[in-house]
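**Q** Here is my input; please provide its structure:
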Amino acid sequence: MNPGKPWIAMMFLFIAFFSFPFGYCVEQEYQAPEPRVEIITRPEWISGQVAVHVFTYPEDGATLEQNSVIVQVAVWGVSPGRPVYLFLDSLEAVRIETPGYYRYEWELAGSHHLIFRDDYMIFKTAEFSIAPPPPSPPSVYVSYMEEQLENQRIQVFTVMLVATLVGTPTGGYLKRKTKIFTEWALVPYGVCLLFGCLRLDQFYPLIPLGVSGAISYILAGGYAGETLVIVAEEGQLVSHIYTMDDEDHIVQGFGPRYWRTGFIDRAKIELVDHRYPIEFKGFGRKLSCILVAGEKNIETDSVTGKISVKCSPALAKALTKRGVIEKLEQKLADINYRSIFMERALNGVVSSIIMDLESLMGEMKIDQIGSVSEARVKVEEASKRIKEQLLDAENRIQVEEDARVG
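**A** The predicted structure follows:
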């Protein structure tokens, strides 16, 4: 070995040592991996070397509620010399010349025809129409909706308030026309209330109008009062109750049959010699009382229907004056006493007169008169003395009676 060249041997050893792992690494880096095949889906149609699978395609005869149509397909084995096509309305819309997955979308409107095919086979065809979807409801802001609801509430409140204000005076007016309460007057308000409930969306103001009118009619004061007519017959009292209004009429009835006279039947009444008004209170009622002496004093005109009542002032005064019965009883007792005393006094007076006459006849000796002229003188003298005695007796009776009364 050449001693001058040991470094060359050392260099070859060094290269040989480091070349082994390097070569191993290179071999490992370029080692081809085993092929991996992953099957996604199976083809639906095969035409020669071409295979296709359709994922999304419109149905034949379908109506699509959308603004576009979508087609999704996968193709294998296609090439520029063996392409597949999508025809839209008999026009070539798509030409596919390389294998892969494809997605297409067209914005259309109306009716259309779509064909998926190659040069030798029609894979899929469909006739369809596109109807645009219904418009989405308009969006309303919460603040705007609250404002509209508040305005609607104010409007409803105002309308119902006006209806209430209109219905209230109608109740008073109707009470003025009917004079007294009658259920027939509530029928119009009931109709308003029923119609308002049936058509609440349009005629809801009729509800407060009917309610306020009915309440006003019920609470309004009447324009007529009951009058008690007492007919005094011999041994009995007969009473009649009339409803008299403020126009001196008797209210006799209500109802549709009186539609010619405003659905109310009235008759004129005339009170004759009604000088002592009497009020009768009892059984929770207050009546005006009229006294009539006999049924013959109540007359009804057959033509006009006017009722004429002739009152009895004497009976009315007898009932209206305080203590009149007691005074009548006291006066009657006095008359009875006077009659008794007068009878006894007259008996005494007659006896006294007879005795005076006998004594006078004895004194004057009338039975012994001899001439007519003497008899005339004696008779006149006797008559004069008898008159004086009767007047004196009457004066004594009157003095005794005055002393007893006093």
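
**Q** alpha carbons only for contacts and neighbour counts from here, please
**A** Fine.

**Q** secondary structure class for E59?
**A** Three-state call for E59 (DSSP: H, G, I helix; E, B strand; the rest coil): coil.

**Q** Which of the helices or strands spans the closest residue to it other than its chain neighbours?
**A** Spatial nearest neighbour of E59, excluding adjacent residues (C-alpha to C-alpha, 6 or more residues apart in numbering): A126 at 6.0 Å. Using DSSP states H and E, A126 sits within strand 122-130.

**Q** Quick one: list the elements packing against that strand.
**A** On a contact count with 3 or more C-alpha pairs under 8 Å, 6 or more residues apart in numbering; DSSP states H and E, strand 122-130 meets strand 63-64, strand 110-118.

**Q** Of all those, which one is nearest Y85?
**A** Proximity to Y85 (C-alpha to C-alpha) singles out strand 110-118 among the helices and strands packed on strand 122-130, at 5.4 Å.

**Q** For that closest one, buried residues please.
**A** Of the residues in strand 110-118, 113-118 count as buried by neighbour count, 16 or more other C-alpha atoms under 10 Å.

**Q** do the same with stretch 88-99
**A** Residues 88, 96-97, 99 are the ones in stretch 88-99 that count as buried (16+ other C-alpha under 10 Å).

**Q** which of those lies closest to L237?
**A** Once C-alpha to C-alpha is applied, the member of the buried residues of stretch 88-99 that ends up nearest L237 is L88, at 113.0 Å.

**Q** contacting residues for the closest residue to the closest one other than its chain neighbours?
**A** Once flanking residues are discounted, L88 sits nearest to L114: 4.7 Å by C-alpha to C-alpha, 6+ apart. L114 makes contacts with 86-90, 125-127, as judged by C-alpha atoms under 8 Å, 6 or more residues apart in numbering.

**Q** Report the beta-bridge partners for L114.
**A** Taking DSSP bridges as the rule, L114 bridges to L88, A126.

**Q** gap between it and G196?
**A** Per C-alpha to C-alpha, to the nearest Å, L114 is found 59 Å from G196.

**Q** Can you report how many residues lie near H274?
**A** H274 is flanked by 17 other residues according to other C-alpha atoms under 10 Å.

**Q** typo on my end, C289
**A** Residue crowding around C289 was assessed by other C-alpha under 10 Å; the count is 21.

**Q** Isn't it up against S239?
**A** No. Contact criterion C-alpha atoms under 8 Å: C289 and S239 do not qualify, at 9.8 Å.

**Q** who touches both of these two?
**A** Contact criterion C-alpha under 8 Å, 6+ apart; residues shared by C289 and S239: 228-230.

**Q** Give the ChimeraX command for selecting the buried subset of the residues you listed.
**A** In ChimeraX syntax, the buried subset of these is picked out as below (16+ other C-alpha under 10 Å):
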select :228,229,230
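
**Q** Now, the shared contacts of C289 and S239 that are in strands?
**A** Among the shared contacts of C289 and S239, the members falling in strands (DSSP state E) are 228-230.

**Q** Count the neighbours of V187 for me.
**A** For V187, the count of nearby residues is 13 (other C-alpha under 10 Å).

**Q** which SSE is it in?
**A** Assigning secondary structure by DSSP H and E places V187 in helix 187-198.

**Q** For the residue nearest the centre of the chain, what are phi and psi?
**A** Per C-alpha atoms, centre = their mean, the C-alpha nearest to the average position across the chain is that of V211, at 3.5 Å. Backbone torsions of V211, given as degrees, to the nearest 10, read phi -70, psi -50.
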